[in-house]
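>>> I'd like to go over a predicted model; first the sequence, then the structure.
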Amino acid sequence: RVRHCPRQAVRPARALLLGSRADTSACADCGDDSADPTWAVLPYGTLVCIECCGIHRSLGVHISKVRSVALDSWSPAMAALLPALGGANELLLALPPPSSLPPPTAASSRSERERWIRAKYEERRFVERREGDAPSGSELCAAAAADAPLALLRLLLAAGDVDAPGGGCTPLHAAAAAGAPLCCEL
């Protein structure tokens with residue numbers, strides 16, 4: 001039986017939207033802790049400052065999309081997904097960056113930030129991949145059906161293929177069939 005999320009958009013308070021996440025005081029991309037990151041990068045749930053947000057917007061929604069935690073309206077499923085993705089930045093940065101590509105700082109230029117953000121989100125250079133043992137479609141579908149968004153994101157990043165078949169379905173099909181709204185949103 002499929003449960004449907006109401007389409008009613010809400011403007012949740014920042015504290016409600018972020019829950020008890022500890023990674024909310026500094027930008028996930030440039031590390032600026034004075035910027036009060038108020039932009040969420042979806043589908044990863046990382047929080048970035050306004051400077052890094054502009055770079056994400058230029059990448060296109062097939063790479064990432066950003067939404068304000070203060071200004072935008074959020075569907076109930078999106079609002080529930082953000083606190084559930086605490087720790088996703090660690091997945092995106094599982095491998096150390098090469099010395100030729102240091103992480104940006106608050107003082108970095110736009111081009112330095114863009115180079116880093118493209119490497120992190122578009123090329124996924126720092127994601128730990130499962131060499132020769134990519135997650136199976138059934139693993140992806142099981143995580144989606146369990147409504148475990150962080151586990152599903154970990155597998156999706158390791159697999160690199162969001163449409164990997166698992167018993168004739170995609171993770172989205174499995175999440176929808178199981179009534180798993182968080183993984184449907186992811």
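Looks like it came in fine. Residues are numbered from 1 along each chain as shown.
>>> and the strands in this protein, which stretches?
Secondary structure of the chain (DSSP state E): strands located at 39-42, 46-48, 65-68.
>>> can you list the ones you listed in JSON lines and add distance to residue 101, mean pLDDT and mean neighbour count?
Glycine gets a C-beta too; all of them are placed from N, C-alpha and C. Listed next are the strands of the chain as JSON lines, based on distance: least, CB to CB, whole Å; pLDDT from 0 to 100; neighbours: other CB atoms under 10 Å:
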{"stretch": "strand 39-42", "distance to residue 101": "19", "mean pLDDT": "90", "mean neighbour count": "24"}
{"stretch": "strand 46-48", "distance to residue 101": "18", "mean pLDDT": "90", "mean neighbour count": "28"}
{"stretch": "strand 65-68", "distance to residue 101": "22", "mean pLDDT": "91", "mean neighbour count": "17"}
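>>> in a markdown table: those strands, plus distance to residue 78.
Below are the strands of the chain laid out as a markdown table (distance: least, CB to CB, whole Å):
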| stretch | distance to residue 78 |
| --- | --- |
| strand 39-42 | 8 |
| strand 46-48 | 14 |
| strand 65-68 | 8 |
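>>> and those: which comes nearest residue 84?
strand 39-42 (12.2 Å; CB to CB).
>>> now for the closest one, which elements pack on it?
strand 46-48, helix 50-59, strand 65-68 (3 or more CB pairs under 8 Å, 6 or more residues apart in numbering; DSSP states H and E).
>>> looking at those, which is nearest to residue 29?
helix 50-59 (4.2 Å).
>>> rewinding a little: who wins for proximity to residue 127 among the helices and strands packed on strand 39-42?
Of all the helices and strands packed on strand 39-42, strand 46-48 comes closest under CB to CB, at 13.2 Å.
>>> can you tell me which of the strands of the chain is nearest to residue 142?
Across the strands of the chain, closest to residue 142 is strand 39-42 (CB to CB), at 23.0 Å.
>>> what pairs with the closest one, and is each one parallel or antiparallel?
Strand pairing for strand 39-42, using DSSP bridges, gives strand 46-48 (antiparallel), strand 65-68 (antiparallel).
>>> kindly export the longest one (C-alpha atoms) in CSV.
Meaning strand 65-68. Presented in CSV, the C-alpha positions along strand 65-68 are these (Å, rounded to 0.1, in the frame of the first residue of the first chain):
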residue,chain,number,x,y,z
LYS,A,65,19.6,22.3,-6.3
VAL,A,66,19.5,24.7,-3.5
ARG,A,67,16.7,25.9,-1.3
SER,A,68,16.7,28.4,1.5
